[in-house]
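Novice: Have a look at this prediction, sequence included:
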Amino acid sequence: MAAGRDAVPQLDTRGPGRCADDVEKPFLPLAVLAVVAAALGCGGSVSDAGAPNGDAGTNDATSSSSGSSGSSGSSSGESGNESGSGSVDSSGSDSNGDSDTGSGSSSGTDAGQTPPSCAPTGPGMTNCGPRSSATESCCTSLEVPGGTYDRTYDNDGEPTAEGGVDLALDGGPTGEADPATVSAFRLDKYDVTVGRFRQFVNGWNGGWTPGEGSGKHSHLNGGLGLVDIGAPPDAGTVYETGWVTTDDSNIAPTNANLACNGAYQTWTNTASTQENLPMNCVNWYEAYAFCIWDGGFLPSEAEWEFAAAGGSQQRAYPWGSTDPGTANLYAIFGCDYGGAGETCSGVANIAPVGTAALGAGLWGQLDLAGSMWQWNLDWWASAYSGCTDCADLTAPASCAAPPCSAGGPSFRVFRGGAFNYGVSTLTPPTRQGNPPMTRNQTLGFRCARSP
């Protein structure tokens, strides 16, 4: 399951309290899965009405497949706001935050410049890295040189008995398919922290929204950005449109909306001890808007996987082929951090960014496996196309096959696994998806930038 392009983790029902996802199970409807997940203690609780306990109306949907993200329900679609989004909640503002106001796009940050989210300095901005020496900027962004690789590999559809992936006798990948080429770009070393996101919320509270067309990969194709491989075949070559201002209303990072799960949310209304934790409970629009505000963009699915796979090395895991173990050295997964594994209890199971210091990818990024699933730019497509600097940027009319519900809303892609998922989700080709308005305790993001 770990390696096929349509591989999706499944809920393990072998025993009470199990939240692993390394066995094949029949696909379950989201509502049924959420009830089962809650019963197993896989993160969060579900009310009798089938919605998570907490603020009514928040889109705290479960993971798109029958994985164990532990929340219930599915988003009603890609439009509309969650409860509380009609008014600006400024109670979460930090007096040290960025007070940027007005609408418009960031001009981007060059290597060496400090992005707005780290400019104020302080916890979650300037103290990332291993806990014993956490002095690095949380906005550190590392260059990925680009190249060609196969987006699908090791795709026999099953993990090994130990939960890992099958490799060729020489240690290399097998089942290679779906080649893609990406140009050089920078990818942030760390997931976006609570401390960094707090600065964005301050800006949004001050009136900032993305400018029309911002957030494109403007270093590609003479400023036109990525090629849209999801466009209709008769449309010719279509390029990235960037931000669409009609989506402004989908940005609503209020205290109520960021409290998508009382036990697991990393956001706090005022700065506290959780500023170094990865930000969760953020919908796709807010992730995209943050990256624009911070001088970057969301990575395409092809870019993200290229970085996680080590490019043409097409690694078993971002760090190589070493088994991740359960000591949180390579990845935060399986409820092993802050607990005894198998069952998570709350935010104590979510580690500060960069904790798994041995899990760095080929170009130095951390937490590309485990910790939080990470939103990508693309819409979900069940099949890849060979392409160069491309992404699926046109929303399908509906999503008719797993991980989507038949006839349901279209999904945006996320990748990387999470703190309460099993080892099979740590492999670079593993992908998931959910409607873009989804808020979930297992969903975070990181930004990419021009080289």
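Specialist: Perfect, I can see it now. Residues are numbered from 1 along each chain as shown.

Novice: Return the residues in contact with residue 147.
Specialist: By CB atoms under 8 Å, 6 or more residues apart in numbering, the contact set of residue 147 is 181, 182, 306, 311, 312. Heads up, the C-betas are built off the backbone N, CA and C, glycines and all.

Novice: just for the stretch 151-300 of the chain, where's the confidence low?
Specialist: Along the stretch 151-300 of the chain, segments meeting pLDDT under 70 span 155-172.

Novice: ranges for the helices of it?
Specialist: With DSSP state H, counting those that start in this stretch, the ranges of helices along the stretch 151-300 of the chain come out as 194-205, 284-293.

Novice: Which strands and helices lie in contact with the longest one?
Specialist: The helices and strands touching helix 194-205, judged by 3 or more CB pairs under 8 Å, 6 or more residues apart in numbering; DSSP states H and E, are helix 284-293.

Novice: can you tell me how far the nearest residue to residue 359 once chain neighbours are set aside sits from residue 403?
Specialist: In this structure, residue 359 finds its nearest non-sequential neighbour in residue 330, 4.1 Å apart by CB to CB, 6 or more residues apart in numbering. Between residue 330 and residue 403 the distance is 26 Å, computed by CB to CB, to the nearest Å.

Novice: Check the residue nearest to residue 359 and give its pLDDT.
Specialist: On pLDDT, residue 330 comes in at 98.

Novice: Tell me the secondary structure at it.
Specialist: The assignment at residue 330 comes out as coil when based on DSSP: H, G, I helix; E, B strand; the rest coil.

Novice: from what I can see it touches residue 322, true?
Specialist: Yes: here residue 330 reaches residue 322: they are 6.7 Å apart, a contact under CB atoms under 8 Å.

Novice: ok now do the residue positioned nearest the centre of the chain, which residues does it touch?
Specialist: Nearest residue to the geometric centre of the chain (CA atoms, centre = their mean): residue 374, 1.0 Å. By CB under 8 Å, 6+ apart, the residues touching residue 374 are 191, 304, 368, 414, 415, 416, 443, 444, 445, 446.

Novice: confidence score at the third one?
Specialist: Going back to what we said before, that points to residue 368. With respect to pLDDT, residue 368 has a value of 98.

Novice: got it, and the second one?
Specialist: According to the model's per-residue confidence, residue 304 sits at a pLDDT of 98.

Novice: That one - that's part of a helix, no?
Specialist: Yes: under three-state DSSP, residue 304 falls within a helix.

Novice: returning to that earlier point: just among the contacts of residue 374, which is most surrounded?
Specialist: In terms of neighbour count, residue 416 stands highest of the contacts of residue 374 at 33 neighbours, by other CB atoms under 10 Å.

Novice: Next one: it relative to residue 376, how far apart?
Specialist: Taking CB to CB, one finds residue 416 at 9 Å from residue 376.

Novice: Overlap in contacts, the two.
Specialist: Common neighbours of residue 416 and residue 376 (CB under 8 Å, 6+ apart) are residue 304.

Novice: And residue 142, its phi and psi?
Specialist: Phi and psi for residue 142, reported as degrees, to the nearest 10, are phi -110, psi 140.

Novice: oh, I was asking about residue 317
Specialist: phi -140, psi 160.

Novice: which one is residue 448 nearest to, not counting chain neighbours?
Specialist: Computed as CB to CB, 6+ apart, the closest residue to residue 448 that is not its neighbour in sequence is residue 299, at 3.9 Å.

Novice: Pull the number of nearby residues for the one you found.
Specialist: 31.

Novice: My read is that it contacts residue 450, right?
Specialist: No: the criterion here is CB under 8 Å, and residue 299 misses it with residue 450 at 11.9 Å.

Novice: Give me the common contacts of those two.
Specialist: Residues touching both residue 299 and residue 450 by CB under 8 Å, 6+ apart: residue 185.

Novice: any idea how far the residue nearest to residue 448 lies from residue 308?
Specialist: Residue 299 is 10 Å from residue 308, by CB to CB.

Novice: Could you do residue 428 as well?
Specialist: Residue 428 sits 4 Å away from residue 308, going by CB to CB.

Novice: So those two - more neighbours on which side?
Specialist: Neighbour count, other CB under 10 Å: between residue 428 and residue 308, residue 428 has more, with 30 against 26.

Novice: Next one: the more buried one, what pLDDT does it get?
Specialist: pLDDT, residue 428: 95.

Novice: my guess is it meets residue 313, correct?
Specialist: No: counting by CB under 8 Å, residue 313 is not a contact partner of residue 428; they are 10.1 Å apart.

Novice: quick one on the thing from earlier: can you tell me which of the contacts of residue 147 lies closest to residue 226?
Specialist: Distance to residue 226 across the contacts of residue 147 (CB to CB) is lowest for residue 182, with 9.6 Å.

Novice: isn't the closest one right up against residue 303?
Specialist: Yes: between residue 182 and residue 303 there is a contact at 5.2 Å, judged by CB under 8 Å.

Novice: any shared contact partners between these two?
Specialist: Taking CB under 8 Å, 6+ apart as the contact rule, residue 182 and residue 303 both touch residue 144.

Novice: Wasn't residue 150 part of a strand?
Specialist: Yes: under three-state DSSP, residue 150 sits within a strand.

Novice: Quick check: it vs residue 231, distance?
Specialist: 24 Å.

Novice: These two: which is more packed in?
Specialist: Between residue 150 and residue 231, counting by other CB under 10 Å, residue 150 is the more crowded of the two (20 against 15).

Novice: The closest residue to that one other than its chain neighbours: neighbour count?
Specialist: Closest residue to residue 150 apart from its sequence neighbours, by CB to CB, 6+ apart: residue 176 at 4.0 Å. Neighbourhood size, residue 176 [other CB under 10 Å]: 16.

Novice: I appreciate the help and will end here.
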